[in-house]
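**Q** how would this look folded up:
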Amino acid sequence: MGERQVELGGAPTRVVDEGVGPVVVLVHATPFDLDYWAELARTLSSDHRVVRYDLRGHGSAAAAPVPDTCRLAADLVELLDLLDVASAHVVGHSLGATIAQRVTLDHPDRVRRLSLLGARASPSAVFRTLAEALRQDVAAADLSINRWFTRRQLERNGAAVRYARSMIESTAVSVWADGLDRLAETDVLADLPRLAMPVDVVVGAEDQGAKPEHGRAIADAVASGTFHLVPRARALLALERPDVVAPLLC
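**A** Now for the predicted structure:
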């Protein structure tokens, strides 16, 4: 338990495993790392075993390539095996939600509940355009801050803003763009009706990428789907509003 180094698909990465109870696995977005979930994990670990890890290309796994969604999904399944977790509540944000959906569709026995934050389930021109902009102009990375936070939040420069800026500075633009490509090409909406477990879809009312109407379509595609709209929130739900998100996952 606690923090340790492991290898997933031959790539070294960092895992934090804390708390006791039903297992919740948190899968972060790009360009972040497992620290994105810190506040939410602290709340959930009071009565859950909470596992979070750095995706390849991010954080401690910065040297590992992000080749395709299948490799990222295989890493998550390998992590469950390594930790001897038969099934878990899997929570994914953005790119993490793409990975979580792939694992759930391919290995439904390993996921007892699925929670998707800021998710896409069909191809997105918005994220494809963002990936192309990053590759053409590194300065485009700074524009994401304005999508994630309000002007007032940026002026206050609180912990969430400082963390996001640090991730922009430390994550390779090429890795970030590759992650956005994986998100942009997600195309599983027609497959989601196969899912029988509870599925939560959580979207910020002001999210400019994973829009609320698309989140509702994801929830409507699943018989046991539930849609949650978080007022006055943008894309970084667990970072910006962990107090609101945590009760939705319990």
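**Q** avg pLDDT for the helix or strand where residue 213 lies?
**A** Secondary structure assignment for residue 213, by DSSP states H and E: helix 212-221. The average of the pLDDT scores along helix 212-221 is 97.
**Q** Can you list the buried residues in that helix?
**A** 212, 214, 215, 217, 218, 219, 221 (16 or more other C-beta atoms under 10 Å). Every C-beta, even on glycine, is put in place using the N, C-alpha and C of the backbone.
**Q** How about the third one: what's its closest non-neighbour residue?
**A** Counting by C-beta to C-beta, 6 or more residues apart in numbering, residue 215 lies nearest to residue 203, which is 3.6 Å off, once chain neighbours are set aside.
**Q** Then the last one?
**A** Counting by C-beta to C-beta, 6+ apart, residue 221 lies nearest to residue 192, which is 4.2 Å off, once chain neighbours are set aside.
**Q** Was I right to think that neighbour contacts residue 218?
**A** Yes: look at residue 192 against residue 218 with C-beta atoms under 8 Å: they come within range, at 6.7 Å.
**Q** which helices and strands does the helix or strand bottoming out on mean pLDDT in the chain pack with?
**A** When each helix and strand of the chain is scored by mean pLDDT, DSSP states H and E, helix 143-148 comes last, with a mean of 86. Applying 3 or more C-beta pairs under 8 Å, 6 or more residues apart in numbering; DSSP states H and E, we find helix 143-148 packed against helix 159-170.
**Q** For the helix it packs on, buried residues please.
**A** Buried residues in helix 159-170, counted by 16+ other C-beta under 10 Å: 160, 161, 163, 164, 167, 168.
**Q** What residues sit buried inside whichever helix or strand comes after it?
**A** Sequence-wise, the next helix or strand downstream of helix 159-170 (DSSP H and E) is helix 173-184. Neighbour-count burial for helix 173-184, counted by 16+ other C-beta under 10 Å, picks out 173, 175, 176, 177, 178, 179, 180, 181, 182, 183, 184.
**Q** again with stretch 197-207
**A** Buried, per 16+ other C-beta under 10 Å, within stretch 197-207: 197, 199, 200, 201, 202, 203, 204, 207.
**Q** Kindly report the same for stretch 119-126.
**A** 119, 120, 121, 124.
**Q** Off-centre distance for that stretch?
**A** Centroid displacement of stretch 119-126 relative to its chain, using C-alpha atoms, centre = their mean, to the nearest Å, is 14 Å.
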